[in-house]
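Take this sequence and fold it.
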Amino acid sequence: MRFFNTTGPCNPEAHYMLPPEERLVGAQLHRYIRDKLYWVLHAPRQTGKTTFLKSWMQKINSGALMREDAVACYVNVERSQGLSDPERAIPVICEAIASSALKSDLTGLRVAGTSPYSMLYDTLENLATLASPKKLIMLFDEVDVLTGDTLLSFLRQLRDGFYFKDDKLFPSSIVLVGMRDLKDYITAAKGGIPVNPGSPFNIKADSVFINNFSKIDIERLFTQRTAETGQQISGEALDYVYEQSKGQPWIVNSLFQRATMRILDENSSETVSIEHIRQAREQMILARETHLDALAFRMENSAIRRVMEVLMTGGVDFDLPESEGFRLCMDLGLVAIEDGDPIVANPIYREILARKMTYGPQLAIPKPEFRWENPDGSLDMDTLLQAFQQFWRENSETWEEKSDYTEAFPQLLLIAFLQRVLNGGGRIDREYAAGRGRMDLYIEYKEHGYIIEIKLIHPKHSMETVRSKGLEQIAKYRDTKAPAAPAYLLIFDRRPEAKDLPWEDRISWTKEGAITVLGC
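Numbering: from 1, shown residues only. Sure, this is the predicted structure:
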């Protein structure tokens, strides 16, 4: 039996998989080889880049792709990570080439040269000679680990050899693969100086991106399991997988793997339902698997924290799209553009990042001693939010001084408070995006739903304007999400003059039709 893959490059004999080259945007693979072109493939981590490279290498080496003879060699340069000095890094890369050459049946390669500034050139020249009369295709993976002078030397030596590729004295085609387009690496390596026409890799013919799965792809992927085992999946479950993952390949595979091998027995023939996928989602988040944990770790970067804070508060920052933090978030796949708005790329990333940002406060909040459940098992949301208002009154000023997220502090503290009370017994869906001016929360608890919208009053804003806009927005969100759900509008006054008011004037609780409005 094959399995859904969450550990690395797919093996068709062991894993369900779709041809990764189908998701390459604008790629002309035959042309790159035929016309002897150098090109770049970039996409976030865990999207299938390495799977594509190894699959492509196998097809080239088997002769399945082209009439003329060629040999492909896959080289992962990750072992040179952190070595910005070419004297140390280039020999490591050349040793990786020699090791990879053996796997492509290219034996006898001599790592040549004594100068690191020509060693890569000489080594690839020797390898091309070994491969002759076949064309040599080089596939360099994880190029994003190369930095500074190492990156520049690496690219210059490839450029120097480019002009001899027609004589089969150098690789005829090279692809460089990483998270970012090459011009961004060169700019970073040159201390932020933009790339000019004389850049060390101005021979690049194309830059290609790899897409996430489409809804049809997700269905095709599970169909492979159905064909092998007979197990079905409901249409509702498939829709939920796409909604939560937005087609991110690692997440899709992880949800399917957990649903079919942990929530259900791996030999079960029971149809996978939306509830099985929901349980798989929660398991995956709580397990903090490597891919998700690595993304959460990125929050240690202050530039990324700034981007997340703008998205979470719904603020407007005209400089955000041009910032290094935003570009990095895009390269990592943390952020996407939807209808012109920057958003966190998918709901599962939103959940992971929000939990990372609220983990410390959540642990510091005491176990609730008030009654927060009604006799029928539903949440007593009025009591819960009144308790939060009191908690905000007693702790917000002290806790905010210690927070890394000044702008998003109200949202994060409320989420931490709710998570502490629910303690795994409910689920919070969060919706936020830059420029929206709000955060929407939908809380599910024992088959009951509750809606909370968070608004901030900033200088130059009035309570009346923010309240009026908030009531309009929460009514629209409630009508779309759950028309019968109790709805609460929380307004945090962040104006400097508000802090001079006594707490009795800052804390309020009023009703506006079916919507409860809270002031903090």
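
Please work out how many residues are found near Gly235.
By the criterion of other CB atoms under 10 Å, Gly235 has 9 neighbours. In short, each C-beta sits where N, CA and C put it, glycine included.

Okay, now the sheet partners of the longest strand anywhere in the chain, with direction.
Looking across the chain with DSSP state E, the single longest strand is strand 448-457. Strand 448-457 has the following strand partners under DSSP bridges: strand 439-445 (antiparallel), strand 487-493 (parallel).

So what would you say the end-to-end distance of stretch 457-468 is?
From its first residue to its last, stretch 457-468 covers 12 Å (CA to CA, to the nearest Å).

hmm, back to that, angle of the following helix or strand past the longest strand of the chain against strand 448-457?
Scanning forward in sequence from strand 448-457 by DSSP states H and E, the next helix or strand is helix 463-481. For helix 463-481 against strand 448-457, the angle by axes from the mean of the first three to the mean of the last three CA atoms, to 10 degrees is 150 degrees.

Longest helix in this structure, by number of residues?
Counting residues, the longest helix found in the chain (DSSP state H) is helix 381-401.

Packing partners of the very next helix or strand once past that one?
Per DSSP H and E, the first helix or strand lying C-terminal to helix 381-401 is helix 409-422. Using 3 or more CB pairs under 8 Å, 6 or more residues apart in numbering; DSSP states H and E, the elements in contact with helix 409-422 are helix 302-313, helix 347-364, helix 381-401, strand 426-432, strand 439-445, strand 448-457, strand 487-493.

any chance of those in JSON lines, with mean neighbour count, mean pLDDT and distance to Gln411 too?
Formatted as JSON lines, the helices and strands packed on helix 409-422 follow (neighbours: other CB atoms under 10 Å; pLDDT from 0 to 100; distance: least, CB to CB, whole Å):
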{"stretch": "helix 302-313", "mean neighbour count": "21", "mean pLDDT": "86", "distance to Gln411": "6"}
{"stretch": "helix 347-364", "mean neighbour count": "19", "mean pLDDT": "86", "distance to Gln411": "9"}
{"stretch": "helix 381-401", "mean neighbour count": "16", "mean pLDDT": "92", "distance to Gln411": "12"}
{"stretch": "strand 426-432", "mean neighbour count": "18", "mean pLDDT": "83", "distance to Gln411": "8"}
{"stretch": "strand 439-445", "mean neighbour count": "21", "mean pLDDT": "90", "distance to Gln411": "5"}
{"stretch": "strand 448-457", "mean neighbour count": "22", "mean pLDDT": "94", "distance to Gln411": "5"}
{"stretch": "strand 487-493", "mean neighbour count": "23", "mean pLDDT": "96", "distance to Gln411": "8"}
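
Let me have these in TSV, extended by distance to Leu109.
Formatted as TSV, these follow (distance: least, CB to CB, whole Å):
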stretch	distance to Leu109
helix 302-313	41
helix 347-364	42
helix 381-401	60
strand 426-432	53
strand 439-445	57
strand 448-457	61
strand 487-493	64
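
coming back round to it: can I get the longest helix of the chain as PDB, trimmed to CA atoms?
Extracted in PDB, the C-alpha atoms of helix 381-401 (Å, rounded to 0.1, in the frame of the first residue of the first chain):
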ATOM      1  CA  MET A 381     -20.300  34.200  26.300                       C
ATOM      2  CA  ASP A 382     -21.600  37.200  28.200                       C
ATOM      3  CA  THR A 383     -19.900  36.000  31.400                       C
ATOM      4  CA  LEU A 384     -16.800  35.100  29.500                       C
ATOM      5  CA  LEU A 385     -16.400  38.500  27.800                       C
ATOM      6  CA  GLN A 386     -17.200  40.300  31.000                       C
ATOM      7  CA  ALA A 387     -14.400  38.400  32.700                       C
ATOM      8  CA  PHE A 388     -12.100  39.400  29.900                       C
ATOM      9  CA  GLN A 389     -13.000  43.000  30.400                       C
ATOM     10  CA  GLN A 390     -12.000  42.700  34.000                       C
ATOM     11  CA  PHE A 391      -8.800  40.900  33.100                       C
ATOM     12  CA  TRP A 392      -8.000  43.600  30.600                       C
ATOM     13  CA  ARG A 393      -8.600  46.300  33.200                       C
ATOM     14  CA  GLU A 394      -6.300  44.600  35.700                       C
ATOM     15  CA  ASN A 395      -3.400  43.400  33.400                       C
ATOM     16  CA  SER A 396      -3.300  45.000  30.000                       C
ATOM     17  CA  GLU A 397      -1.100  48.000  30.800                       C
ATOM     18  CA  THR A 398       1.600  45.800  32.500                       C
ATOM     19  CA  TRP A 399       1.500  43.000  30.000                       C
ATOM     20  CA  GLU A 400       1.600  45.300  27.000                       C
ATOM     21  CA  GLU A 401       4.900  46.700  28.100                       C
END
